[in-house]
Structures are given as C-alpha cells and as structure tokens.
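Participant: take a look and give me a structure for this.
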Amino acid sequence: MKIKPLHDRIIVKAAEKEQTTAGGIILPDTAQEKPQRGEVLAVGPGKQLDSGTLAVVDVKVGDHVYYGKYSGTEVKVEGNDYIILRAEDVLAVLEK
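Facilitator: Numbering: from 1, shown residues only. Model (predicted):
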C-alpha cells in the first residue's frame, strides 16, 4: 500500500455492501446502505499529547472494526477504495 496514516488516523477497507436483505430480496444500488464495518489495513503512530508523549492507538492492523456511518474520508488509491478515520471514530472491534 502506498498510503501511510499520520497521527491517530487509521486506514480501513470497507466491507462489501449488502446485495440482498435477510429475506432474500435483491437490493438495487440506490437502496444499498454504506457499510459501517471494515478491516484495518494501516495504523498511524498515535496522537501526540500536550505532555509530549504519544497516545497509542487501540486498534491494530488486521482488526475488523465498526465505525460511524458518516465518519472518515473516502479515498481511492491505485484503483482501490479506502476510508481514513480518526481512531476515536472507531466504535467497536469485532473479536474472533
């Protein structure tokens, strides 16, 4: 990957949009909701506090996370779509 997050930012590859409902109805593109979960691909070093120390980011590469619906910035790098989020925008980490 040719993109490196700074400070407390993380790079997430969003999960695929749901194509069908639980009942089996196929959804058109306009009705599909933006995914709110994805896999962490890169993590910045952390946020620098006023004391000069770094606040370590709680997530790590490979974690599957949930984030806010309108959080982050969508970017396209080498034809792939990614989301750049602040660590505080992560709502939960899925445990395996």
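Participant: low-scoring pLDDT stretches of the chain, where are they?
Facilitator: Residue ranges of the chain with pLDDT under 70: 1, 16-22, 24-35.
Participant: which residue would you name as the spatial centre of it?
Facilitator: Val12 (3.4 Å; CA atoms, centre = their mean).
Participant: please name the bridge partners of Ile11.
Facilitator: For Ile11, the beta-bridge partners are Ala42, Ile84 (DSSP bridges).
Participant: ok, it touching Glu39?
Facilitator: No - when contacts are counted by CB atoms under 8 Å, Ile11 is not listed as touching Glu39 (9.8 Å). C-betas here are computed from N, CA, C, even on glycine.
Participant: quick check: phi and psi on the spatially closest residue to Ser71 that is not a sequence neighbour?
Facilitator: Once flanking residues are discounted, Ser71 sits nearest to Asp89: 3.9 Å by CB to CB, 6 or more residues apart in numbering. Dihedral pair for Asp89: phi -80, psi -10, per degrees, to the nearest 10.
Participant: Asp89 contacts Tyr70, correct?
Facilitator: No - with contact defined as CB under 8 Å, Asp89 does not reach Tyr70; the gap is 9.6 Å.
Participant: thanks a lot, see you next time.
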